[in-house]
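Colleague: any chance you can model this:
(2 chains)
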Amino acid sequence: MSGVPRTVAIVGPPNSGKTTLFNRLTGLRQKVANFPGVTVEQHLGTAQLSEDREVDLIDLPGVYSLRARSEDEQVTRKVLAGTMAGVPRPDAVLLVLDSTNLGRHLVLAAPILSLGLPTLVILNLADDLRARGGDVDTAALARQLGAPVALISAAKGEGVETVIQFLLGRVSAPAPLELPVLQDVPRCRQWATRVGRHAGYQPPAPPVWTRRLDRVFLHPVCGPLIFAVVVVAVFQTIFSGARPLMEGVETLITASGGWLGARIPAGVWKSLVIDGVWNGVGSVLVFLPQILLLFLFIGILEDSGYLARAALIADRTMARVGLQGKSFIPLLSAYACAVPAIMATRTIENRRDRIATILIAPFMTCSARLPVYTLIIAAFLPERPVAGPFLGSRAAALLGLYVLGFLAAFGTARVLKSSVLKSGPTAFVLEMPSYRWPTWRGLGLRLLDRAKIFLRRAGTVILGVAVVVWALAHLPLHDGRAPKIEASLVGVMGRAVEPLIRPLGFNWKIGVGLVSSLAAREVIVGTLGTIYGIEGDAESAGLQAALRHDLTPAGAVALLVFFAFAMQCTSTIAVVRRETGGWKWPAVQFGYMGALAWVGAFAAHQVLSRVI
Amino acid sequence: MQLSVNSETGFTLVELAEGEQAVLERLDLPEEFARRLMELGFLPGHVITAARSAPGGDPRVFRVDGSEIALRRDTAARLRVRPPAPLSSAV
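Modeller: Residues are numbered from 1 along each chain as shown, chains lettered A, B, ... in the order given. Alright, predicted model coming up:
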């Protein structure tokens, strides 16, 4: 190749380990963005090759061919051709194929190599190939393809040195060959078989462990049972396992606030820093360990390959409400956050199914609801065992809220799919990857990514709202002094919404919290932290005690129900608008979810306040 | 196009019990969908093994061309297969 590449694209079929290699090469120096104009995510990173050499890497979406049928394929094609606006044309390609399934994966080699870019053909999962008795002659394959070939294990780091040598321009390529670019799938596949045979490819024995595990995980009785146990264990751990960590963060925030408070002279600035910023942002930051723990579980389920089995088990339930198993994975990722979930719906080809999935995704309990739920549950529900030592009352309540969101989602899907979004039976095709051990590296990078997003939100949206709430609570000034909070702008605002929320059992302070949480759900925790911080009366007793003072148990349940249903998230509204191409669906969604939240909270409060 | 042999011995993928094998004859599906399945290994002439299914029997996992792919029953019912040749070695 002429010189050293600057921008390199990583291409390959799904599940071939592209992202593992990308993570291995770039480490912490990566970011996720959207390709301009389309909803396909682009992962960009920089690999440090030697002391003075680095190269930009683009991790492209997984594709089986380059026929540009789906959005993913179009993006891959355009990026490689250099016609994607805003993305530099790559001057080399890393083609990542699964060495344990080379016959099928080699099909992609012909169209990629005929692009004429310097390409390293990477046969990944070498450890798996050898462990299962497979083999391939890389030199022979290189001659067959007219391109250098490396057999590596991206997860273990084996053979990655060759990839780096290639990126440094130090791997000599055999003479390029004219490869047949066939449109006909059977003929492509025959060509791949022939090439594999000439390269002495020995397919590996079937994955014994995967089959053994599937015997358990897909067992008609054990399978769903294990699924349920996994879910319960996740909730119990999120609640009880995260507590020491959360208490640690809380101590740290209180201590640092105290330290800082002692150094600022009493007055407006001290109030802004301590009541506004520290109480506001700090009360949200406490939930970081819990959110990371949730993402750790999601990461393990996804990286191990269990998620595909869960989708399989769920498909029939999904079919019953008119959706398909493919909707399951976006919906599952909506437990983390509705925004990536809504973007993930683009794998659903049927537009009506896709819209239905987008509309119900925000009902799934996202991680932003977790701080709100945890705070209210911990304030009102004493911890006691429900099912022996395995499930406590608080985890059970949390689980109940997740079920509530799930039921709302499925009820809505049922209504939509039997009316406005009705469609015929849809296709469901899902590849079952072999089980793999998740790597610490992969999980660590995920968590780091999440922590960054969370902290960025805490530092922007939540900080901003906290400062605004603080300021509104100190205005208008009377003779240069802040008014009593009831007479401040925040009080006026709260009182303005109070008639609307009084029937739900909420007072004006909760009202201010609800208004501020239109920006993002967890903002309410920060807002209440700020308001109570200014009030001062509950300073020693903390946010939970202050809430008990302001809400009846029936009102607390109503507030939980409200948060389970309402669409309080500007990012979600923005992404739905972009994905559906207009304001119609986000408007429908916001109105519907808001109405459901109000009615649900009203019913909960009216019934419970008579019972409790 | 239809051989008389096929109409006698032909059946569809959905009729395979777990562990049974058959050779794919053709895909009675819209072109785009058939193409997607072909890219995943569902090619005429390939041996397909029925594997585990989700609880309730639908969807079912099929082993084909070195991977495991799950299909719903209504899709599997559109894939015409024939019994494997007696001499063909089990893959």
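Colleague: residue ranges in chain B under the pLDDT threshold?
Modeller: B:1-9, B:86-91 (pLDDT under 70).
Colleague: in it, where's the longest helix?
Modeller: Criterion DSSP state H: the longest helix present in chain B is helix B:31-39.
Colleague: just the C-alpha atoms of the next helix or strand after that helix, please, in CSV.
Modeller: Remark: after helix B:31-39, the chain's next helix or strand is strand B:47-53, criterion DSSP states H and E. What follows is strand B:47-53 as a C-alpha-only set of coordinates in CSV (Å, rounded to 0.1, in the frame of the first residue of the first chain):
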residue,chain,number,x,y,z
VAL,B,47,-28.5,-30.1,5.0
ILE,B,48,-30.7,-28.6,7.8
THR,B,49,-31.0,-30.1,11.2
ALA,B,50,-33.9,-29.3,13.5
ALA,B,51,-32.6,-28.4,17.0
ARG,B,52,-34.2,-27.1,20.2
SER,B,53,-37.2,-24.8,20.1
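Colleague: can you list the helices and strands that strand B:47-53 packs against?
Modeller: Counting contacts by 3 or more C-beta pairs under 8 Å, 6 or more residues apart in numbering or on different chains; DSSP states H and E, strand B:47-53 packs against helix A:208-217, strand B:21-27, strand B:60-64. Backbone N, C-alpha and C define where each C-beta goes, glycine included.
Colleague: so which residue is smack in the middle of chain B?
Modeller: Residue closest to the mean C-alpha point of chain B, counted by C-alpha atoms, centre = their mean, is residue B:13 at 4.3 Å.
Colleague: hang on, that residue packs against residue B:50?
Modeller: Yes: using C-beta atoms under 8 Å, residue B:13 is in contact with residue B:50, at 7.4 Å.
Colleague: spit out the residues that contact those two alike.
Modeller: residue B:62 (C-beta atoms under 8 Å, 6 or more residues apart in numbering or on different chains).
Colleague: pLDDT of stretch A:174-184, averaged?
Modeller: Stretch A:174-184 carries an average pLDDT of 75.
Colleague: same question but for stretch A:448-463, I mixed them up
Modeller: Here the average pLDDT along stretch A:448-463 is 81.
Colleague: which parts of that stretch are buried?
Modeller: For stretch A:448-463, burial by neighbour count (16 or more other C-beta atoms under 10 Å in any protein chain shown) applies to A:450, A:453, A:454, A:457, A:458, A:461, A:462, A:463.
Colleague: ok, stretch A:344-361 next?
Modeller: A:344-350, A:352-361.
Colleague: for stretch B:72-91, same thing?
Modeller: By neighbour count on 16+ other C-beta under 10 Å, the buried set for stretch B:72-91 is B:72, B:75, B:76, B:78, B:79, B:80, B:81, B:82, B:84.
Colleague: so the residue in the stretch 251-400 of chain A that chain B sits nearest to, which of the three states?
Modeller: With C-beta to the nearest C-beta, the shortest gap between the stretch 251-400 of chain A and chain B falls at residue A:312, namely 4.7 Å. Using DSSP: H, G, I helix; E, B strand; the rest coil, the structure places residue A:312 in helix.
Colleague: let me see the ranges of the helices in the stretch 501-612 of chain A.
Modeller: Along the stretch 501-612 of chain A, counting by DSSP state H, counting those that start in this stretch, helices occupy A:508-516, A:523-535, A:542-550, A:553-565, A:570-580, A:584-611.
Colleague: for those helices, give me a markdown table that also has mean pLDDT.
Modeller: A markdown table is the format used below for the helices of the stretch 501-612 of chain A (pLDDT from 0 to 100):
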| stretch | mean pLDDT |
| --- | --- |
| helix A:508-516 | 88 |
| helix A:523-535 | 80 |
| helix A:542-550 | 85 |
| helix A:553-565 | 95 |
| helix A:570-580 | 84 |
| helix A:584-611 | 94 |
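Colleague: could you tell me which residues of chain A lie near chain B?
Modeller: A:64-65, A:69, A:100-101, A:103-104, A:107, A:185-186, A:189, A:203, A:206, A:214-215, A:218-221, A:223-224, A:308, A:312-313, A:315-316, A:319, A:325, A:425, A:427-432 (C-beta under 8 Å from any C-beta of the partner chain).
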